[in-house]
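> my questions are about this predicted structure, shown below with the sequence.
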Amino acid sequence: MIRRASITLRLTALFATVSTVVLLVLGYLIGSTVEQHFVEQDVEVLEGKLDLTRHALAKVRSEAELVHIPQQLDDSLIGHQGLAVVVVAPGGELLFATSGAEFPAALLTRPVGEEVSRPYVWRTARNTPMRGISARVRTGIDEAAPVVVGVATDISHHEQYMAGFRVTLWSFVAFAALLTGVLGWLAARRGLAPLKAMKQKAESITAQRLHARLAVETVPVELADLAITLNAMLARLEESFRRLSDFSSDLAHEFRTPVSNLMTQTQVTLSRPRSIEEYSEILASNIEEYERLSRMIADMLFLAKADEGQIVPTQARLNLEVLIAELVEFHRLVADEKDVVLTHEGEGVIRGDPLMIRRAISNLLSNAIRHTPPGGRVTVSIRRTEAGYVAIDIVNTGEVIPAGHLPRLFDRFYRADPSRTGEGSHSGLGLAIVKSIVEAHGGSVSVTSRNGMTRFCLQLEGAV
Amino acid sequence: MKILVVEDETKTGTYLKQGLVEAGFVVDLVANGFDGLHLASSESYDLAILDVMLPGIDGWQILQGIRRAGNEMPVLFLTARDQVEDRVKGLELGADDYLVKPFAFSELLARVRTLLRRGTKAKDAELLRAADLELDLLRRRVTRGSKRIDLTAKEFGLLELLLRRQGEVLPRSLIASQVWDMNFDSDTNVVEVAVRRLRAKIDDDFEPKLIRTVRGMGYVLEVPEGA
């Protein structure tokens, strides 16, 4: 497994790299500034000596006086340790040199005019570092070519100082880089503390504690969106989880009642001998319970398949007017018995699975008839909606369902009136099946209940 | 009529055999695929009822064996799994019908009779009769004794179904499917109401009573013994 870099490490590395680059540039600039300063100092001294020499040479009026130059220069240059001066005649003949003076030929041949040359650094035979300048200097002798004067100074003490300075400088740079790395790590950790807090909070959320939420107000702005998204996810999970656990407990309850009935009835029957008629009566009564259980199992398998997305409706062209007329005719018998008027109107065409669509509408019809009091009416109407959908309204008169029950009406085993549990062959899964079928068709189902009317509305995509 | 039942679940097998024998069939029951295939190829049966999941050779393989031998007897499958693939596979292999457990015995019996009837293409009668009840298919008229009875189209269809399958107990689901084309489990008691209304028209004022409710099973139209 590839180990993913932590944000803290990444931030620390970035911070350390950036500050190291900055420190390196700064160190280089400081080093060169100090060195430049030394060069300027040396050149100032050297130019002074060059001027002295120039003055002395300017006083020479004849060839003969040149002989005295060494004496004069020696006098004026005395007391300057490490200073070297040479005077070279135009012919290359050495007119004067301080003791041990070694000048590179490059320096002495360089000057063309009377301009002072750029400083030049070299090492003598004894490995002494020297910095020197040179210039052509006119003597007082008329018509004579200028001589070349070279001035140099020993810079070993500067070099030593610079070497020490560099070691100190780069040590500081290295130390500072290390320090910013450590400080960066601390800063990153501190900056990321809200993330860690979020992680700890998230770790504490389990199936039993799904109601816990991340505190959006206390996290930094950058994390607020994430916290809101995670909270929304938790809310959805909590809702699904609650439905699932409700479903499981409802399921157990729904099975317990008929099984308990069967057991009691059978045991009581077996407790003493009975007539043939009694036995067959008990068995027939058992069959009714078994049929209920069996239908419940079939319905639950259907719902389980729908949940797994295994319900794939065929796409036949369905004429709703005909389809609903047939269903209405089927259910009219029961409606008539109850003195409920059942009518239908409108037309529309959709694409879908004929068996499933009929089952969905049939479930809604039997549900509507079941909840309509005698003398009431059930109306089915088909209409086109704006977005190319076909809506099927199934409206029944009767008691209004309290608003609190409406959103959960399509839940499995949910009954608006709990006292009706287990009534007849009604499994409590009819509306849940309607919802699964409609959703498998990409449609929707909704319910409203007011003014003595309950309206179920199926919306399905229309077809031509 | 001789039926082969291959079912490994002892209790189910025993009761299937008992029910079918009591319905007038001769039944051989075996509990595994090898015996099933052996019997199917050595004996002659009018119909086979096969469980899909069997030890040894499964139901599909028995079916393949039967069809490979050129035997065209109707085959009805029983299964605990209701998967579309299973249905498709069964039909592709040449199964004739398919029942998912748990099923009502009356449903199985009705399907068995339908399958057995399929072979012996009975000529379409124009007149169906039970005791003094007559249903004229051509003129779409029903009379009992000398009295003409008015029926709605669905009531006519229901009576025709009951008359065609006289003596058979027809489960509600089969009636809903045949008369109203409602091929799904419905939790309404429409069939009950319809039968009650039909009975009011053809039985209430007459003797003997022809339509009988078999509790927990369905409805049957038959002329009572001694009538």
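Cool, got the structure.
> tell me where chain B is predicted with low confidence.
B:82-84, B:119-124, B:227 (pLDDT under 70).
> pull the longest helix from it.
If you go by DSSP state H, chain B has its longest helix at helix B:105-119.
> buried sites along that helix?
Neighbour-count burial for helix B:105-119 flags B:105-116 (criterion: 16 or more other CB atoms under 10 Å in any protein chain shown). (C-beta placed from N, C-alpha, C; glycine too.)
> please apply the same query to stretch A:51-60.
Those would be A:52-54, A:56-57, A:60, for stretch A:51-60 by 16+ other CB under 10 Å.
> out of those, who's nearest A:E386?
Comparing the buried residues of stretch A:51-60 against A:E386 with CB to CB places A:R54 closest, at 104.4 Å.
> tell me which element the closest one falls in.
For A:R54, the element it lies in under DSSP states H and E is helix A:7-58.
> so how many other residues sit close to B:R215?
Other residues near B:R215 come to 12 when the count uses other CB atoms under 10 Å in any protein chain shown.
> what of A:G132?
Neighbours of A:G132 under the rule other CB under 10 Å: 26.
> secondary structure class for it?
strand (DSSP: H, G, I helix; E, B strand; the rest coil).
> could you export the buried residues of stretch A:51-60 as a markdown table, including distance to chain B and pLDDT?
Listed next are the buried residues of stretch A:51-60 as a markdown table, based on distance: CB to the nearest CB, whole Å; pLDDT from 0 to 100:
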| residue | distance to chain B | pLDDT |
| --- | --- | --- |
| A:L52 | 112 | 84 |
| A:T53 | 111 | 84 |
| A:R54 | 112 | 83 |
| A:A56 | 117 | 82 |
| A:L57 | 116 | 82 |
| A:V60 | 121 | 79 |
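> was I right about B:S173 contacting B:S106?
No - checked against CB atoms under 8 Å, the pair B:S173 and B:S106 is beyond contact range at 9.1 Å.
> could you give me the buried positions within the helix or strand containing B:L161?
In this assignment (DSSP H and E), B:L161 forms part of helix B:153-164. By 16+ other CB under 10 Å, the buried positions in helix B:153-164 come out as B:154-164.
> what's the answer for stretch B:85-104, then?
Quick answer for stretch B:85-104 (16+ other CB under 10 Å): B:86-87, B:90, B:93, B:95-100, B:103-104.
> which residue is the nearest non-sequential neighbour of A:S436?
A:A306 (3.6 Å; CB to CB, 6 or more residues apart in numbering or on different chains).
> show the contacting residues for the one you found.
By CB atoms under 8 Å, 6 or more residues apart in numbering or on different chains, the residues touching A:A306 are A:436-437, A:439-440.
> for A:L460, same thing?
By CB under 8 Å, 6+ apart, the contact set of A:L460 is A:350, A:352, A:357, A:389-390, A:392, A:438, A:441-443.
> one more time with 10 Å
Contacts for A:L460 (CB atoms under 10 Å, 6 or more residues apart in numbering or on different chains) come out as A:318, A:320, A:348, A:350-352, A:357, A:360, A:389-392, A:438, A:441-445.
> are we agreed that it is in a helix?
No - per three-state DSSP, A:L460 lies outside any helix segment and is strand.
> the nearest residue to A:L95 once chain neighbours are set aside: neighbouring residues, count only.
Once flanking residues are discounted, A:L95 sits nearest to A:V87: 4.4 Å by CB to CB, 6+ apart. A count of nearby residues for A:V87, using other CB under 10 Å, gives 23.
> tell me what angle the helix or strand hosting A:V87 forms with helix A:7-58.
Under the criterion of DSSP H and E, A:V87 resides in strand A:83-88. Angle of strand A:83-88 versus helix A:7-58, following axes from the mean of the first three to the mean of the last three CA atoms, to 10 degrees, is 50 degrees.
> just to revisit the earlier point, the residue nearest to A:S436 should be in a helix, yeah?
Yes - residue state for A:A306 (three-state DSSP) corresponds to a helix.
> quick one, what contacts the residue in chain B positioned nearest to chain A?
Closest residue of chain B to chain A, CB to the nearest CB: B:G216 (3.0 Å). Neighbour list for B:G216: A:280, A:283-291, B:104-106, B:171 [criterion: CB under 10 Å, 6+ apart].
> what subset of the residues you listed is buried?
When the contacts of B:G216 are checked for burial by 16+ other CB under 10 Å, the buried set is A:285-287, A:289, A:291, B:104-106, B:171.
> centre of the chain to stretch A:294-311, how far?
In terms of CA atoms, centre = their mean, to the nearest Å, the centre of stretch A:294-311 is set 39 Å apart from its chain centre.
> buried sites along that stretch?
Under the neighbour-count criterion of 16+ other CB under 10 Å, stretch A:294-311 has A:294-296, A:298-300, A:302-303, A:305-306, A:311 buried.
> in chain B, which spans are helices?
Remark: helices assigned in chain B by DSSP H are B:10-22, B:33-42, B:59-68, B:84-92, B:105-119, B:153-164, B:172-180, B:190-202.
> what sits up against the first one?
The set of residues external to helix B:10-22 that reach it, using CB under 10 Å, 6+ apart, is B:1, B:3, B:5-7, B:9, B:25-31, B:47, B:49, B:51, B:78, B:101-102, B:105-106, B:108-109, B:112.
> and chain A, which of those residues reach it?
B:101-102, B:105-106 (CB under 10 Å from any CB of the partner chain).
> show me what the helix or strand A:L323 falls within is packed against.
In the assignment (DSSP H and E), A:L323 maps to helix A:320-337. Packing partners of helix A:320-337 (3 or more CB pairs under 10 Å, 6 or more residues apart in numbering or on different chains; DSSP states H and E): strand A:341-345, strand A:349-352, helix A:354-370, strand A:377-384, strand A:389-397, helix B:153-164, helix B:172-180, helix B:190-202.
> I'd like those laid out as JSON lines, including distance to A:E159.
Listed next are the helices and strands packed on helix A:320-337 as JSON lines, based on distance: least, CB to CB, whole Å:
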{"stretch": "strand A:341-345", "distance to A:E159": "109"}
{"stretch": "strand A:349-352", "distance to A:E159": "94"}
{"stretch": "helix A:354-370", "distance to A:E159": "96"}
{"stretch": "strand A:377-384", "distance to A:E159": "97"}
{"stretch": "strand A:389-397", "distance to A:E159": "91"}
{"stretch": "helix B:153-164", "distance to A:E159": "119"}
{"stretch": "helix B:172-180", "distance to A:E159": "109"}
{"stretch": "helix B:190-202", "distance to A:E159": "113"}
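> I'd like to know which of these is closest to A:E35.
Closest approach to A:E35 among the helices and strands packed on helix A:320-337 is made by strand A:389-397 (84.0 Å; CB to CB).
> within the sheet, what are the partner strands of that closest one, with directions?
Paired strands of strand A:389-397, with direction, are strand A:377-384 (antiparallel), strand A:453-461 (antiparallel) (DSSP bridges).
> including mean pLDDT, could those strands go into TSV?
Shown next, in TSV, are these (pLDDT from 0 to 100):
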stretch	mean pLDDT
strand A:377-384	93
strand A:453-461	93
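> for B:P224, which of those is the nearest?
Using CB to CB, the strands paired with strand A:389-397 put strand A:377-384 closest to B:P224, at 39.5 Å.
> can you give me phi and psi for the residue in the stretch 201-350 of chain A that chain B sits nearest to?
Here the stretch 201-350 of chain A gets closest to chain B at one residue, A:I287, 3.0 Å apart by CB to the nearest CB. Taking degrees, to the nearest 10, you get phi -50, psi -40 for the backbone angles of A:I287.
> hang on, it packs against B:P102?
No - contact between A:I287 and B:P102 fails when scored by CB atoms under 10 Å: they sit 11.5 Å apart.
> give me the common contacts of the two.
A:S294.
> and the pLDDT at the residue of the stretch 201-350 of chain A closest to chain B?
Listed pLDDT for A:I287 reads 87.
> quick one, domains of chain A?
Domain ranges of chain A: A:7-163, A:221-307, A:316-461, per automatic domain parsing.
> which ones are touching the residue of chain B most remote from its centre?
The C-alpha centroid of chain B is most remote from B:S146, which lies 32.5 Å away (CA atoms, centre = their mean). For B:S146, the contact set (CB under 10 Å, 6+ apart) comprises B:D132.
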